[in-house]
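J.: This is the structure alone, sequence omitted:
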């Protein structure tokens, strides 16, 4: 198999990300978002919001990171942030998926993409921290816009969202400040339960 | 309105790209692709395939270009490549959309994004040429994988696909060569009409 054929095989395999459906709805509440939609939105947010990162980031690296961060869900499925039980097996399922999917690529690119995914998961570098922040802010914004549609379906509480967003200020104090104000408003509006 | 509020307004407005449905199906033929899915796929293809560009390209620039290239369709709708009549009014509809949507951003970013979109449309720089090549190769690959589902629905011919792909070799001779072989195979398979 040529190098290009390996690359095309990977590109066609990851088309399946478009069939992985998330819990949150689009802003207009019309349907649940798919993982490719979500990843597109994060990459564009990188381009528009990078000035709000707490630390200087490499933009290409962060954009590629968000483009691939959910690819493991092709095999492992979307694990809802507020599903405690399914989260127990999440790491094992996702590691097996990373092994299979990234290794469709030529060896050098497989290593590069796997390393970016590991870096995202470890959440230690400035790029990973900003990517994680966007990965929390984006569904929050959609949930707020759709009047808490998926929060209501799952009975999600203010303190659960707070817990889920512990890492958000690590990537961007500015985005966290904006989100926190909007969170309090979601409680007032009755979109988020304050127990 | 603060700078961040303007940026968030843009980010929420472009969520509508997920509701713009294209003519081509996903690789598995299960549903038509949406514009955000498509744009995600192109951005990832940039990262994986940039080595096949005829000319050296700036990766960030090309990635942002493909992430925003279809945003005008939020107002202007998806104009099917093989719909001659609707294509007559395409430019006017898309220019009005670009004026409205990019100007939700702070002025400096509005100019930057509008300029990238204009550059994509003009198809003269190495980045625009490679982006256009990906924008043709990606739906071709999905059409081939789905056994020509949307080609068959619209009675698309080999010579129409050839015409549509006149610009493809300008961005990447290597990708064009790969695609041309696959095109001939699509005729043999009966997925594409050879009149």
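T.: Arrived safely. Given the structure is predicted, the values throughout are model-derived calculations rather than measurements.
J.: All the helices of chain A, in order from the start?
T.: A:3-13, A:35-49, A:59-68, A:73-76, A:84-88, A:90-102, A:107-122, A:126-145, A:149-154, A:158-164, A:168-171, A:173-188 (DSSP state H).
J.: So which elements touch the last one?
T.: With contacts taken as 3 or more C-beta pairs under 8 Å, 6 or more residues apart in numbering or on different chains; DSSP states H and E, helix A:173-188 sits against helix A:126-145, helix A:158-164, helix A:168-171, helix B:3-13. C-beta: built from backbone N, CA, C; applies to glycine.
J.: hmm, try it at 7 Å
T.: helix A:126-145, helix A:158-164, helix A:168-171 (3 or more C-beta pairs under 7 Å, 6 or more residues apart in numbering or on different chains; DSSP states H and E).
J.: so which of the helices of chain A is the most packed in?
T.: Mean neighbour count (mean count of other C-beta atoms under 10 Å in any protein chain shown) peaks for helix A:35-49 among the helices of chain A, with a mean of 26.
J.: Give me every residue in chain A that's in contact range of chain B.
T.: For chain A, the residues in contact with chain B (C-beta under 7 Å from any C-beta of the partner chain) are A:4, A:7, A:10-12, A:14-15, A:18-19, A:26-27, A:30, A:33-34, A:36-37, A:39-41, A:43-45, A:47-49, A:52, A:59-60, A:63-64, A:67, A:109, A:141-142, A:145, A:174, A:178.
J.: JSON lines please, covering the helices and strands packed on helix A:173-188 and showing mean pLDDT.
T.: JSON lines is the format used below for the helices and strands packed on helix A:173-188 (pLDDT from 0 to 100):
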{"stretch": "helix A:126-145", "mean pLDDT": "98"}
{"stretch": "helix A:158-164", "mean pLDDT": "95"}
{"stretch": "helix A:168-171", "mean pLDDT": "98"}
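J.: Can you lay out those helices as TSV showing distance to residue A:182?
T.: Converted to TSV, these look like this (distance: least, C-beta to C-beta, whole Å):
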stretch	distance to residue A:182
helix A:126-145	6
helix A:158-164	11
helix A:168-171	12
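J.: do you know which of the ones you listed lies nearest residue A:192?
T.: helix A:158-164 (5.3 Å; C-beta to C-beta).
J.: Which positions within the biggest strand by length in chain A qualify as buried?
T.: If you go by DSSP state E, chain A has its longest strand at strand A:21-25. Buried residues in strand A:21-25, counting neighbours by 16 or more other C-beta atoms under 10 Å in any protein chain shown, are found at A:22-25.
J.: ok, the residues you listed vs chain B, which is closest?
T.: Distance to chain B across the buried residues of strand A:21-25 (C-beta to the nearest C-beta) is lowest for residue A:25, with 10.3 Å.
J.: I'd like the distance from stretch A:49-68 to the chain centre, please.
T.: How far stretch A:49-68 lies from its chain's middle: 13 Å, per C-alpha atoms, centre = their mean, to the nearest Å.
J.: Please enumerate residues in contact with it?
T.: A:39, A:42-43, A:46, A:113, A:116-117, A:119-120, A:126-128, A:130-131, A:134, A:171-175, B:4, B:7, B:40, B:43-44, B:47, B:59-60, B:63 (C-beta atoms under 7 Å, 6 or more residues apart in numbering or on different chains).
J.: Tell me which of the helices and strands packed on helix A:173-188 lies nearest to residue B:74.
T.: That would be helix A:126-145 among the helices and strands packed on helix A:173-188, by C-beta to C-beta, at 15.4 Å.
J.: on that earlier part again, export the buried residues of strand A:21-25 to TSV and append columns for pLDDT.
T.: Converted to TSV, these look like this (pLDDT from 0 to 100):
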residue	pLDDT
A:22	96
A:23	94
A:24	96
A:25	98
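J.: Switch these over to TSV; also include distance to residue A:82.
T.: Conversion of the buried residues of strand A:21-25 to TSV gives the following (distance: C-beta to C-beta, whole Å):
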residue	distance to residue A:82
A:22	12
A:23	8
A:24	11
A:25	15
